[in-house]
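Visitor: I would like to see how this sequence folds:
(2 chains)
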Number of protein chains: 2
Amino acid sequence: MAEPNPADQIRQDFAPPQVPVEDAARAMEAFALGHHSEARRVVLITSGGTKVPLESRTVRFLDNFSSGRRGAASAEYFLQAGYAVIFLHRHRSLYPYSRRYAATNWLDVLRLQLPGDGAPRVEAEQSRLPGIVQVLQDYSRMKESGRLLSIEFNTLSDYLHLLLAAAQALSRLGSSAMFYLAAAVSDFYIPASEIPEHKIQSSSGPLQITMKMVPKMLSPLVKDWAPKAFVISFKLETDKEILIERARKALATYRHQVVVANILDTLRGHVVVVTGTEETKLSISDEEERSGVEIEEKIIKDLTLRHTQFMEGTAAN
Amino acid sequence: MAEPNPADQIRQDFAPPQVPVEDAARAMEAFALGHHSEARRVVLITSGGTKVPLESRTVRFLDNFSSGRRGAASAEYFLQAGYAVIFLHRHRSLYPYSRRYAATNWLDVLRLQLPGDGAPRVEAEQSRLPGIVQVLQDYSRMKESGRLLSIEFNTLSDYLHLLLAAAQALSRLGSSAMFYLAAAVSDFYIPASEIPEHKIQSSSGPLQITMKMVPKMLSPLVKDWAPKAFVISFKLETDKEILIERARKALATYRHQVVVANILDTLRGHVVVVTGTEETKLSISDEEERSGVEIEEKIIKDLTLRHTQFMEGTAAN
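Guide: Predicted structure coming up:
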């Protein structure tokens, strides 16, 4: 029997997406081709965790821990490096620029000014929003540049459909397209045909959930969907003993270019960039941490260089 | 064999809480007794969904759909009605007052003002924040009043430990304490002894999860922890055929005062307040919806009246 085609499997075996995939596909294609025609590189960043509903009218779902911080921070550094960015992220996960104030209750920050003359003004207390002037300037510059396209997913099915659409949108860009797959995608799902419609009743006793493994999208992405692109996946483990071995295994299996490997406990301070031939450790020193340097700045600097070499290598072939 | 004591079961069978429960317990007790001594009624509102980790160094977890909108809106109306409110809510779920701007990207709303003379100002564009002047006034009045105590949970274990602590804090208030249990609490959990430490490896094949039923806290809450309090639980179903029957069954089983029953699809427009003797339907008309009337206003008006009658009834006994 032939291997199932992963694109067909997504369409047949997963619950229908809950987001307008076709609109997103058109927007991504226009965005990618537009920037490509201006000789700009385009990166697809995936970010945040996926939701796997246990019921079709969903009350319960399986989720993956991910604030989306890495993806949101990375988007800023890719924009700085001149890339056009498709930011495919979980609804309400962290967002470029605004991520710095994610823990802020804005009502604590806003002050009502009631001048004797004229209408009330609402002003933000800057001392409670570190760096806000710079951030607002960067944010409005980014919006004017038109180099960020934001697309949202909620469920695993949304994500898979959108990833397929994104790969198609970037397929005509050859080696100048980059995939930066930082989303925390579920490894498991419940086939659409086995999901109950209504809320599972607790009176029916203990809950047994059996989940199938999600088809690995990296494989068709690298082989068929965007074979010339520069592809980076992430490996998050909690056990550092097995991390590099698993990163190497992923590279050998999927034959893409880079795995960024990290341990849950230290993911903001240390990563290892693993390629077919090298392992490069990147870290943030205490000194750098104090002065606000982020590891994503180093990751993106490293990867954009590798992307340049990759493009030159493929051009020379 | 004797029934296990639910309080012991929480302490023994669940993973340790990830929040400082003892600090919260002290804060809730001081808050409750302080307001009680000033003859104020106290309501504990629980709000938002609980997270059930599948790994002890958590990457994956089971979650319940809940934005926390109902709990956050209800808190505002209880405060308006003169109650002191303990708002026990899921970290990052909706919060009283700020809930109105939950979908706002604040960076889109803030404007940098650069006057020729003096420092830059950051001003909010009021047209993009409907009602902001009133909301800021209400919010600051609430903070000054000291009638809102905010406590956060993440996991099911956090929630159960905090609920027990809250029940103890309110137990000395007799019938003037109300429990408004609007959180979407998981019915299922994995015993601490069965949770793997590290991330489940997807290479081990399909995932089998077996979850035990969470002990029903309503039972010891009503019988032992706060036997004189006025207790309201919520029933959310997706199937309207079984809703009222389930609400009645809950009342018969737990012997508390009220079930607020609702259907997922219409929960913002219709609820049924079910007591031992009555069913009262509350709805929002199209007209009311247009003018911004919220169903929580009607629910809280109904419940505060019932609470008064309950207090008078218990005083007469």
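
Visitor: Now the longest helix seen in chain A - C-alpha only, CSV.
Guide: Identified as the longest helix of chain A according to DSSP state H is helix A:295-316. Extracted C-alpha coordinates of helix A:295-316, given in CSV (Å, rounded to 0.1, in the frame of the first residue of the first chain):
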residue,chain,number,x,y,z
ILE,A,295,18.9,35.0,22.9
GLU,A,296,16.6,35.4,19.9
GLU,A,297,18.8,38.2,18.7
LYS,A,298,21.8,35.8,18.6
ILE,A,299,19.7,33.0,17.1
ILE,A,300,18.5,35.2,14.2
LYS,A,301,21.9,36.6,13.6
ASP,A,302,23.3,33.0,13.3
LEU,A,303,20.5,31.8,11.1
THR,A,304,20.4,34.8,8.7
LEU,A,305,24.1,34.2,8.0
ARG,A,306,23.5,30.5,7.4
HIS,A,307,20.6,31.4,5.1
THR,A,308,22.9,33.7,3.1
GLN,A,309,25.4,30.8,2.7
PHE,A,310,22.6,28.4,1.8
MET,A,311,21.3,30.7,-0.9
GLU,A,312,24.8,31.2,-2.3
GLY,A,313,25.4,27.4,-2.2
THR,A,314,22.1,26.6,-4.0
ALA,A,315,22.8,29.4,-6.5
ALA,A,316,26.3,28.0,-7.3
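
Visitor: tell me which residues in it are buried?
Guide: Using 16 or more other CB atoms under 10 Å in any protein chain shown as the test for burial, helix A:295-316 gives A:295-300, A:302-304, A:306-307, A:310-311. Placement of C-beta: from N, CA and C, glycine included.

Visitor: now swap in stretch A:49-66 and tell me
Guide: Those would be A:49-55, A:57-66, for stretch A:49-66 by 16+ other CB under 10 Å.

Visitor: Now do that stretch: distance to the chain's middle.
Guide: Stretch A:49-66 has its C-alpha centroid displaced from the chain centroid by 18 Å (CA atoms, centre = their mean, to the nearest Å).

Visitor: what's the span of that stretch from first residue to last?
Guide: Using CA to CA, to the nearest Å, the end-to-end distance of stretch A:49-66 comes out at 5 Å.

Visitor: so, in contact with chain B or not, that stretch?
Guide: Yes. Residues of stretch A:49-66 are located near chain B by CB under 8 Å from any CB of the partner chain, namely A:K51, A:L54, A:E55, A:R57, A:T58, A:V59, A:R60, A:F61, A:L62, A:D63, A:N64, A:F65.

Visitor: How about stretch A:236-256?
Guide: Yes. Stretch A:236-256 lies within reach of chain B by CB under 8 Å from any CB, at A:L236, A:E237, A:T238, A:D239.

Visitor: Mind putting those residues into TSV with secondary structure and distance to B:V43?
Guide: TSV is the format used below for these (DSSP: H, G, I helix; E, B strand; the rest coil; distance: CB to CB, whole Å):
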residue	secondary structure	distance to B:V43
A:L236	strand	41
A:E237	strand	44
A:T238	coil	40
A:D239	coil	45
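
Visitor: Would you show me how to pick out the buried ones of those residues in ChimeraX?
Guide: Of the residues of stretch A:236-256 next to chain B, the buried ones can be selected in ChimeraX as follows, counting by 16+ other CB under 10 Å:
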select /A:236,237,238
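
Visitor: got a markdown table for the residues of stretch A:236-256 next to chain B, with pLDDT too?
Guide: Formatted as a markdown table, the residues of stretch A:236-256 next to chain B follow (pLDDT from 0 to 100):
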| residue | pLDDT |
| --- | --- |
| A:L236 | 83 |
| A:E237 | 81 |
| A:T238 | 77 |
| A:D239 | 78 |
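
Visitor: Show me the shaky parts of chain A.
Guide: A:1-4, A:57-58, A:197-204, A:316-317 (pLDDT under 70).

Visitor: can you list the residues of the stretch 1-150 of chain A near chain B?
Guide: A:51, A:54-55, A:57-65, A:95, A:97-98, A:101, A:104-107, A:110, A:112, A:120-124, A:126, A:129, A:132-133, A:135-137, A:139-140.

Visitor: Which of the residues you listed fall in helices?
Guide: A:I132, A:V133, A:V135, A:L136, A:Q137, A:Y139, A:S140.

Visitor: For A:W225, state which of those is nearest.
Guide: Nearest to A:W225, judged by CB to CB, of those is A:Y139 at 32.2 Å.

Visitor: What is the neighbour count of that closest one?
Guide: 22 (other CB atoms under 10 Å in any protein chain shown).

Visitor: I'd guessed it sits against B:L107; true?
Guide: Yes. In terms of CB atoms under 8 Å, A:Y139 counts as a neighbour of B:L107; the distance is 4.8 Å.

Visitor: Pull up the overlap in contacts between those two.
Guide: A:Y97, A:S98 (CB atoms under 8 Å, 6 or more residues apart in numbering or on different chains).

Visitor: Taking the ones in helices among the residues of the stretch 1-150 of chain A next to chain B, please make a ChimeraX selection of just the buried ones.
Guide: Burial among these is assessed by 16+ other CB under 10 Å; the matching ChimeraX selection reads:
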select /A:132,135,136,139,140
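
Visitor: and stretch A:238-247, how far apart are its ends?
Guide: Across stretch A:238-247, first to last residue, CA to CA, it's 13 Å.

Visitor: same question, stretch A:74-87
Guide: 10 Å.

Visitor: Equivalent analysis for stretch A:283-296, please.
Guide: Start-to-end, stretch A:283-296 (CA to CA) is 10 Å.
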